[in-house]
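# dropping the sequence and predicted coords here.
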Amino acid sequence: MGNGDIRVRGLAARAGGWSARHRWAAVGIWVLFVVLAMGLGSAAGRVDVKDSDQLKGETHTAARIIEDAGIDEPASENVLIQAKGGDLKATDAAFRDAVDAVVRAVEGTGRVTEVASPYDTKTISKDGRSALVQFDMRGESDTAGERVEPVLKAVEGVQQDHEALRIEEIGGASMMKTFDDAFGDDFKKAEYSAVPVALGILLIAFGALVAALLPVLLAITAIMATMGLMGVVSHVMPMSDTANSVMLLVGLAVGVDYCLFYLRREREEREAGRDAQTALRIAAATSGRAIVVSGVTVCVAMAGMLFTGLAEFEAMGLASLMVVAVAMVGSVTVLPALLSLLGERVEKGRIPFLGRRRRSGGGQDSRFWTAVLRGVLARPVIAVAVATGALLAIAAPALGMKTQQLTLDQEFGDSLPIVQTYNRLNDAFPGGSEPAEVVVKADDINAPEVKSALADFRDRAISSGASRGPVEIKLHDARNIAFVYVPLVGGSDLDKAGASLDKLRDEVRPATLGKVDGVEAPITGQVAGSKDFNDQLAGAVVPVFAFVVVFAFALMLLSFRSLTIAITSIVLNLLSVGAAYGILVAVFQHGWGASLVGAEGVGAIITWLPLFLFVILFGLSMDYHVFVVSRIREARLRGLETKDAIRHGVVTTAGVVTSAAVIMVAVFAIFGTLSMQSMKQMGVGLAAAVLIDATIIRGVLLPAVMALLGERNWYLPKWLHRLPDLTHDETPQAVAGPAARDDEGEPLKV
């Protein structure tokens, strides 16, 4: 059989072969798909997750009541007026003059309503040194940050006239504006800088501009198509900005990786003397298959987020799933078409030194990993013991993981002046910056028994020790709804504030509002939202973990027809995730090396991150695992002994795995440089896990474990032989020589 007449089987091989034969059609279909997806998405618009759909429990009930009543809660603002020294009190004339000046200044902007003096609302601290002027912003709360600038300037003007006092504004609108100004551009720059970083690494990996551009362009088109699809799908399952950001991260990472795997294999086969057509077919049958197996596994892992019941997680999971699926399809269809079209022109734009180094390499073997593998395979027991011990030691801090919604000072540290205002406000008025909000709905909100219950609730909230007051009640008579704002004892300490919330929910409410028939009184607010989120997330952990692990195990079993490979894959991935957890806890909770990443004083892991990281990492780590194990199995099928097949598989994939890992680590590390601790934690966690996965796991632990297992790597019980055979997309034996046979002359089965 001639070099160009080799027949291969399998989905990826057939897709690649068809695309290579109908290259213009394949490229045209892809371009049409991207354009249509973007057009449909633009026409449909994106529906975002509503507040009432964010959580279940009382937070959800409260949001639903407000939404059904058609009440648009305004963004509330506070002006903290505080004596700098110990002599001036709120009862002094100079202090009163400052309060009056603040009231006049904010009213004069025409942007506010419901301005309340502290002398009317009793919002004066116990020591008499601090007072709050409270008001609401006009217009929709979601856009209040765009209109608050004149109010902030008016307050600054009053501050300049009263140097003996500290006069500062804080609230929903002012915080929104501060965050947008300080971090909005920063976050976008991080997203945009990921592309040139990936391109630069690919230039080093390939030494040619065209070869480096292909993965980036395909990843970008996959992201563009997915953005359009998100708009269409959002009418069934709402999306969000967070889901969009996660989709960009995942899409760039897997899109570049998949193309990198494919392109490097095609290059390797051409360097080995194959003609272009045969090299492309082999790449389709081997790397193409690995991409499909990996892509399906990642999609299954992302689908685990759909079992959380949390709208934000469901949006992130679906968006990530879609971009992985699109990138996978593009890699096994349009990429072979483009490679067929370009031919040798894929080497255009060679970087002189890098181009010579790549071409003179004569292969993809890595001297470093060859040396590492020599030691690992010579003493696999020691390698397993040392690597496993190191990973368990790294993972150990995760046993004491503390998760919570980060408060403002935890999220931003002292990097923003408004954080200091937030701390001063909480010191003077514990819980005043983020009070619990009781949404009371009654048949008649002005009925005597309801009014009496409201008054009783206000008194008992203070007498129970849950609040130090003042407790504010706002009535919406026409809609028979009342809002009760309760500053919680504990303030920004969420553990203490959570205990105060429990008193309100379990003691104060049943004894007051709970005794009135027909009254609903769910308690919401930041502390309540954090508690409800934690409770719901805790209930989702087991089903999500079980779904991801079971389905990943099943996919590995079907893809490699080896019970041993399936089990070791799961165990190694769990070790990798555990190590990432340990690093997160060590750095962000215990503060070990926190100064290196700007994470001093955080003290906790943001609630949503552990489950998010598990799903993302379990999916992404399968990229390398499937790629390396596929190459080992391919070498075993060609007749190499298991230990030689391990050496061949790990060493020949070292270059592409290293390049792919460097790109992922660099992209994720960009997010680790942001000032928001939640984004920093996500970036550091992802980068650390990928680095561990590509080095300790794939370079040491995987080959050592497989060397110890020997022929047992390919064990499949007879009762499982009836499982579907998805292992046929291997390198054609005709390319590598005659089929390998055992001692009795029978074809070797793996």
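That came through, no problem.

# what is the burial count for Val542?
If you count neighbours by other Cβ atoms under 10 Å, Val542 ends up with 10. Where C-beta positions appear, they are placed from N, C-alpha and C, glycine not excepted.

# for it, give its distance to Ser576.
20 Å (Cβ to Cβ, to the nearest Å).

# how about Trp719?
31 Å.

# which of those two has more residues huddled nearby?
The neighbour comparison of Trp719 against Ser576 (other Cβ under 10 Å) goes to Ser576, with 29 against 7.

# quick one: residues contacting the more buried one.
391, 617, 621, 689, 692-693, 697 (Cβ atoms under 8 Å, 6 or more residues apart in numbering).

# hmm, try it at 10 Å
Residues in contact with Ser576, defined by Cβ atoms under 10 Å, 6 or more residues apart in numbering, are 391, 395, 617-618, 620-621, 624-625, 688-694, 696-698, 701.

# again with Leu165
Applying Cβ under 10 Å, 6+ apart, the residues near Leu165 are 80-85, 88, 94-95, 97-99, 102, 129-131, 158-159.

# again, but for Lys126
Taking Cβ under 10 Å, 6+ apart as the test, what Lys126 contacts is 428-429, 468-469.

# center of the protein - which residue?
Among the residues of the chain, Val246 comes closest to the average C-alpha position under Cα atoms, centre = their mean, at 5.3 Å.

# low-confidence stretches in the protein?
1-10, 51-54, 86, 182-189, 191, 353-366, 415, 432-433, 492, 725-750 (pLDDT under 70).

# follow-up on the earlier one: let's see if you can find the most crowded of the contacts of Lys126.
Most surrounded of the contacts of Lys126: other Cβ under 10 Å gives Phe429, at 24 neighbours.

# I'd say that residue and Lys122 touch.
No. If you go by Cβ atoms under 10 Å, Phe429 and Lys122 don't touch, sitting 11.2 Å apart.

# how close does Lys122 sit to Ala116?
Applying Cβ to Cβ to Lys122 and Ala116 gives a distance of 10 Å.

# tell me which of those two has more neighbours.
Neighbour totals were compared for Lys122 and Ala116, and Ala116 leads with 15 against 12 (other Cβ under 10 Å).

# which ones are touching the more buried one?
By Cβ under 10 Å, 6+ apart, the contact set of Ala116 is 103, 123, 132-136, 472.

# that one bridge partners, please.
Gln134 (DSSP bridges).

# can you pull out the helices in the stretch 551-700 of the chain?
Here the stretch 551-700 of the chain has its helices, by DSSP state H, counting those that start in this stretch, at 563-584, 594-597, 609-637, 642-671, 677-692.

# figure out which of the ones you listed is closest to Ala13.
Between Ala13 and those, the tightest spacing by Cβ to Cβ is seen for helix 609-637, at 13.2 Å.

# relative to helix 642-671, how tilted is that closest one?
150 degrees (axes from the mean of the first three to the mean of the last three Cα atoms, to 10 degrees).

# chain center to helix 609-637, what's the gap?
Relative to its chain's centre, helix 609-637 lies at 18 Å (Cα atoms, centre = their mean, to the nearest Å).

# now stretch 637-650
37 Å.

# same question, stretch 520-530
That offset, for stretch 520-530, works out to 25 Å (Cα atoms, centre = their mean).

# endpoints of that stretch, how far apart?
Across its full length, stretch 520-530 reaches 21 Å between end residues, using Cα to Cα, to the nearest Å.

# which of the residues in that stretch are buried?
521-530 (16 or more other Cβ atoms under 10 Å).

# contacts only, for the residue nearest to the centre of the chain.
With contact set as Cβ under 10 Å, 6+ apart, Val246 has these partners: 240, 302, 305, 312, 315-317, 319-320, 323, 612, 616, 682.

# tell me which helix or strand it sits in.
helix 241-271 (DSSP states H and E).

# and for Phe429 and Lys122, which residues touch both?
Joint contacts of Phe429 and Lys122 (Cβ under 10 Å, 6+ apart) are 131-132, 469-470.

# how many residues are close by the residue lying closest to Gly603 once chain neighbours are set aside?
In this structure, Gly603 finds its nearest non-sequential neighbour in Gln589, 6.0 Å apart by Cβ to Cβ, 6 or more residues apart in numbering. Gln589: 21 surrounding residues under other Cβ under 10 Å.

# can you check Gly619 too?
27.

# how about the strands of the chain, start to end?
Secondary structure of the chain, counting by DSSP state E: strands at 76-83, 112-116, 130-137, 165-171, 403-404, 436-441, 472-476, 481-486, 523-524, 605-606.

# what's the closest of those to Ala194?
strand 605-606 (21.4 Å).

# distance of Ala284 from Thr308?
37 Å.

# repeat for Ala93
Ala93 is 57 Å from Thr308, by Cβ to Cβ.

# re the thing from before, export the helices of the stretch 551-700 of the chain to CSV and tack on distance to Ala198?
CSV is the format used below for the helices of the stretch 551-700 of the chain (distance: least, Cβ to Cβ, whole Å):
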stretch, distance to Ala198
helix 563-584, 21
helix 594-597, 21
helix 609-637, 15
helix 642-671, 5
helix 677-692, 13
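
# quick one: contacts for the closest residue to Pro487 other than its chain neighbours?
Setting aside the residues directly before and after it, Pro487 is nearest to Gly431 in space (Cβ to Cβ, 6+ apart), at 3.6 Å. Counting by Cβ under 10 Å, 6+ apart, Gly431 makes contact with 425, 466-469, 485-493, 496-497, 500-501, 525-527.
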